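K.L.:
any chance you can model this:
(2 chains)
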Protein chains: 2
Amino acid sequence: MTADRDQAADDGAFTYHGGALDVARRLAPAAPEPWIDLSTGINPHSYPLPDLAPEIWSRLPGVAALAELERAAAGRYDAPVGSVVAGPGSQAMIQALARIAPRGAVGVLGPTYGGFKAAFAAAGARVDEAKRVEDMSGLDVAIVVNPNNPDGRITPRADLLALNERIRSRGGVLVVDEAFADFDNESGSMAPVPPRGAVVLRSFGKSFGLAGLRLGFAIASAELVEPLRAALGTWPVSGPAIAIGTKALADRAWTEAMRDRLGKDAARLDALLNAAGFRIVGGTRLFRLAAKSDARGVFGRLLAAGILARPFAAAPDWLRFGIPGDESAWRRLAAALAGRV
Amino acid sequence: MTADRDQAADDGAFTYHGGALDVARRLAPAAPEPWIDLSTGINPHSYPLPDLAPEIWSRLPGVAALAELERAAAGRYDAPVGSVVAGPGSQAMIQALARIAPRGAVGVLGPTYGGFKAAFAAAGARVDEAKRVEDMSGLDVAIVVNPNNPDGRITPRADLLALNERIRSRGGVLVVDEAFADFDNESGSMAPVPPRGAVVLRSFGKSFGLAGLRLGFAIASAELVEPLRAALGTWPVSGPAIAIGTKALADRAWTEAMRDRLGKDAARLDALLNAAGFRIVGGTRLFRLAAKSDARGVFGRLLAAGILARPFAAAPDWLRFGIPGDESAWRRLAAALAGRV
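P.N.:
Okay, here's the model as predicted:
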């Protein structure tokens, strides 16, 4: 393991997201089970799994089925048909992007998710952190997570288009990671208009609560589509991911209802955190970033109560919280934050 | 789509394996349904799917679970623990290999599967075809499919070790693709002893009849393991693939019984093809390569009967046949080969 799709600008005991609960269990072996994992930005309300025909598992995924998935994604993201490339998770798309991106200066608007640094390092490039979009004009590869993880910061589309104009004139590429755009800032998405030299990333697993499926998309201008496909190779997506993704992406009613539901969840979480003395720094409908001088102490008390939040080594007063998945989780979080455990 | 995991040395209407049945349906729209797809080397007797817990789908695959899968694979392939790297299908492993392999002369022992050419082309390298292992000593990257697809040719392990000796002295890499070694030539596998500078590829989906799952393995010497992991990135394998793969790879009884069953199937298929005037060129327990001067005519008659075999543009007297999956398929194949359709 060399990267963390959900690592935010620093390393530490909880760097490796997928293994975070294992670490938490070792640190707090007496904590009550089941653990409540609020360390991710994955929707706890998973899309209901459809029945899968045996051929979905047994046969190689067909070209026509993959094309249908990509059409469903184009519909969902309002993206031009032919601009969408499916892959086995958005981290896999980042790995592929790192390989086809031009050599030169690579920068990411930070602090943000750390997975870009690892992917570009594997491809032999270094990623520097920029503090402002205006500082990125001289880059060969500029990366902006929008909305940003962990603080929810939104970069206006006009600023991104202006940045794209400046760097593409020298053959540069702009990467806009919209992993958290499905329920926030959709009106500011670049997917409907991927200009030449731009790649937009969308994550399926987070929004649909199916992170184990490994499915993500790049929406790219024409000259980047074929290199991306070639980097991913044949049969990039599993049969189950194609079948489930095609159905879920076309299910507008589910997405609309989920946006409402998660909006209420996020407001409820903010209220709970405010009541516990936290200030809300920002976030999206899938996670909230909260600050408190004693955040590390709270983190430890939550651990003892079997609840894993996300700390940040470089910002000890920050904690990020995912959305609790059921009333039992809400009650346990409220009790632990109130010190009633 | 740029490559075909099962393409053998040439292109043509059936180059894109995953879409081959679509092409066949267009060519023979009046053929009886269901189509019998014998154009692949995928085991038609799929491993029974276990029940999957909801967390397998909803959560990011954990580091510990991935490590357990790789331990199960090490056990199954008699490979050293720590030498096994899991990825989303063996084509994805080839794509990763093409990126981390040394630049220089790349050669594949042919004629064979065409997916290497496409993957190395995507990484900016050309793959030349070598006719004999002895001609590969001067290469920087030497690729041998063992047993070979489509003819089942076996390259003795001693020859591969000698080739590895010669090319690693100059920093070269030997790739041995054992995609069809699970039921054939296991005693000649390189997996138990991956020498420095060597990578062995194993395919899960073909042997277990679960090609839609996308799961494959590289077994590599220590200096190649970390670059492979870095090229694949975090969360390379889906939750379902980890859960199903871990169970299936540890199920020795199933594999032993399947080796027997497929041995009988292959002998039955040879007898059927011999009776139809074909000479058996070679093969494995998962496919048979057969020759007849009128092979193209037979291919067309099979198409009309709703049966898809695999033709080869460069060898018009060859047809490759996968194993029929049930008695109905056997009967239809026998009738079509005997001209009773």
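
K.L.:
which stretches in chain A count as strands?
P.N.:
For chain A, the strands defined by DSSP state E occupy A:36-37, A:84-87, A:106-109, A:127-130, A:141-145, A:173-177, A:198-203, A:216-220, A:279-284, A:287-291, A:307-308, A:310-311, A:318-322.

K.L.:
any chance of those strands in a markdown table, with distance to residue B:112 too?
P.N.:
The C-beta positions use only the backbone N, C-alpha and C, and glycine is treated the same way. Below are the strands of chain A laid out as a markdown table (distance: least, CB to CB, whole Å):
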| stretch | distance to residue B:112 |
| --- | --- |
| strand A:36-37 | 46 |
| strand A:84-87 | 27 |
| strand A:106-109 | 37 |
| strand A:127-130 | 38 |
| strand A:141-145 | 36 |
| strand A:173-177 | 35 |
| strand A:198-203 | 34 |
| strand A:216-220 | 31 |
| strand A:279-284 | 49 |
| strand A:287-291 | 48 |
| strand A:307-308 | 49 |
| strand A:310-311 | 48 |
| strand A:318-322 | 48 |
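
K.L.:
for residue A:288, list each beta-bridge partner.
P.N.:
Beta-bridge pairing of residue A:288 under DSSP bridges involves residue A:283, residue A:321.

K.L.:
give me the low-pLDDT residue ranges for chain A?
P.N.:
For chain A, residues meeting the criterion pLDDT under 70 lie at A:1-19, A:341.

K.L.:
returning to that earlier point: and the strands of chain A as JSON lines, adding mean neighbour count and distance to residue A:301?
P.N.:
Below are the strands of chain A laid out as JSON lines (neighbours: other CB atoms under 10 Å in any protein chain shown; distance: least, CB to CB, whole Å):
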{"stretch": "strand A:36-37", "mean neighbour count": "24", "distance to residue A:301": "13"}
{"stretch": "strand A:84-87", "mean neighbour count": "26", "distance to residue A:301": "40"}
{"stretch": "strand A:106-109", "mean neighbour count": "23", "distance to residue A:301": "33"}
{"stretch": "strand A:127-130", "mean neighbour count": "17", "distance to residue A:301": "32"}
{"stretch": "strand A:141-145", "mean neighbour count": "27", "distance to residue A:301": "30"}
{"stretch": "strand A:173-177", "mean neighbour count": "26", "distance to residue A:301": "33"}
{"stretch": "strand A:198-203", "mean neighbour count": "26", "distance to residue A:301": "31"}
{"stretch": "strand A:216-220", "mean neighbour count": "28", "distance to residue A:301": "35"}
{"stretch": "strand A:279-284", "mean neighbour count": "19", "distance to residue A:301": "18"}
{"stretch": "strand A:287-291", "mean neighbour count": "24", "distance to residue A:301": "14"}
{"stretch": "strand A:307-308", "mean neighbour count": "26", "distance to residue A:301": "9"}
{"stretch": "strand A:310-311", "mean neighbour count": "24", "distance to residue A:301": "13"}
{"stretch": "strand A:318-322", "mean neighbour count": "25", "distance to residue A:301": "11"}
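
K.L.:
and those strands: which comes nearest residue B:312?
P.N.:
strand A:84-87 (30.1 Å; CB to CB).

K.L.:
right, so of the strands of chain A, which gets closest to residue B:161?
P.N.:
strand A:84-87 (36.4 Å).

K.L.:
which helices and strands does the closest one pack with?
P.N.:
Counting contacts by 3 or more CB pairs under 8 Å, 6 or more residues apart in numbering or on different chains; DSSP states H and E, strand A:84-87 is packed against helix A:63-77, helix A:90-100, strand A:216-220, helix A:222-232.

K.L.:
just tell me which of the strands of chain A ends up closest to residue B:263.
P.N.:
strand A:84-87 (37.9 Å).

K.L.:
give the pairing partners of that closest one; include direction for each.
P.N.:
Strand A:84-87 is paired, per DSSP bridges, with strand A:216-220 (antiparallel).

K.L.:
now find how far off-centre the partner strand is within its chain.
P.N.:
13 Å (CA atoms, centre = their mean, to the nearest Å).

K.L.:
return it as CSV; C-alpha atoms alone will do.
P.N.:
Only the C-alpha atoms of strand A:216-220 are listed here, as CSV (Å, rounded to 0.1, in the frame of the first residue of the first chain):
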residue,chain,number,x,y,z
GLY,A,216,-14.8,5.6,-11.0
PHE,A,217,-14.9,7.8,-14.1
ALA,A,218,-12.8,10.2,-16.0
ILE,A,219,-14.5,12.8,-18.2
ALA,A,220,-11.9,14.1,-20.6
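
K.L.:
what's the angle from that strand to strand A:198-203?
P.N.:
Orientation of strand A:216-220 against strand A:198-203 (axes from the mean of the first three to the mean of the last three CA atoms, to 10 degrees) gives an angle of 160 degrees.

K.L.:
sorry, back to before: the strands of chain A: which one's closest to residue B:71?
P.N.:
Per CB to CB, nearest to residue B:71 of the strands of chain A: strand A:36-37, 24.2 Å.

K.L.:
wait, which of the strands of chain A is closest to residue B:184?
P.N.:
The closest of the strands of chain A to residue B:184 is strand A:84-87. By CB to CB, the value is 32.4 Å.

K.L.:
who's in contact with that closest one?
P.N.:
The list of residues contacting strand A:84-87 from outside it, by CB atoms under 8 Å, 6 or more residues apart in numbering or on different chains, reads A:66, A:69-71, A:73-74, A:77, A:93, A:96, A:215-220, A:225, A:228-229, A:232, A:236-237, A:242, A:245.

K.L.:
what about the closest residue to residue A:266 other than its chain neighbours, distance to residue A:151?
P.N.:
What sits nearest to residue A:266 in space, not counting adjacent residues and going by CB to CB, 6 or more residues apart in numbering or on different chains, is residue A:285, at 5.0 Å. Residue A:285 is 14 Å from residue A:151, where distance means CB to CB, to the nearest Å.

K.L.:
burial of the residue lying closest to residue A:213 once chain neighbours are set aside, as a residue count?
P.N.:
Once flanking residues are discounted, residue A:213 sits nearest to residue A:241: 4.9 Å by CB to CB, 6+ apart. Look at residue A:241: counted by other CB atoms under 10 Å in any protein chain shown, it has 31 neighbours.

K.L.:
for the one 10 residues further on, same thing?
P.N.:
One way to gauge burial is a neighbour count; for residue A:251, by other CB under 10 Å, it gives 17.

K.L.:
and what of residue A:159?
P.N.:
Residue A:159 sits with 16 neighbouring residues when counted by other CB under 10 Å.

K.L.:
excluding chain neighbours, what is closest to it?
P.N.:
Per CB to CB, 6+ apart, closest to residue A:159 is residue A:133, 5.1 Å.

K.L.:
who has more neighbours out of residue A:285 and residue A:151?
P.N.:
residue A:285 (26 against 20).

K.L.:
against chain B, how distant is that one?
P.N.:
17 Å (CB to the nearest CB, to the nearest Å).

K.L.:
tell me the contacts of that residue?
P.N.:
A:183, A:184, A:259, A:262, A:263, A:265, A:266, A:323.
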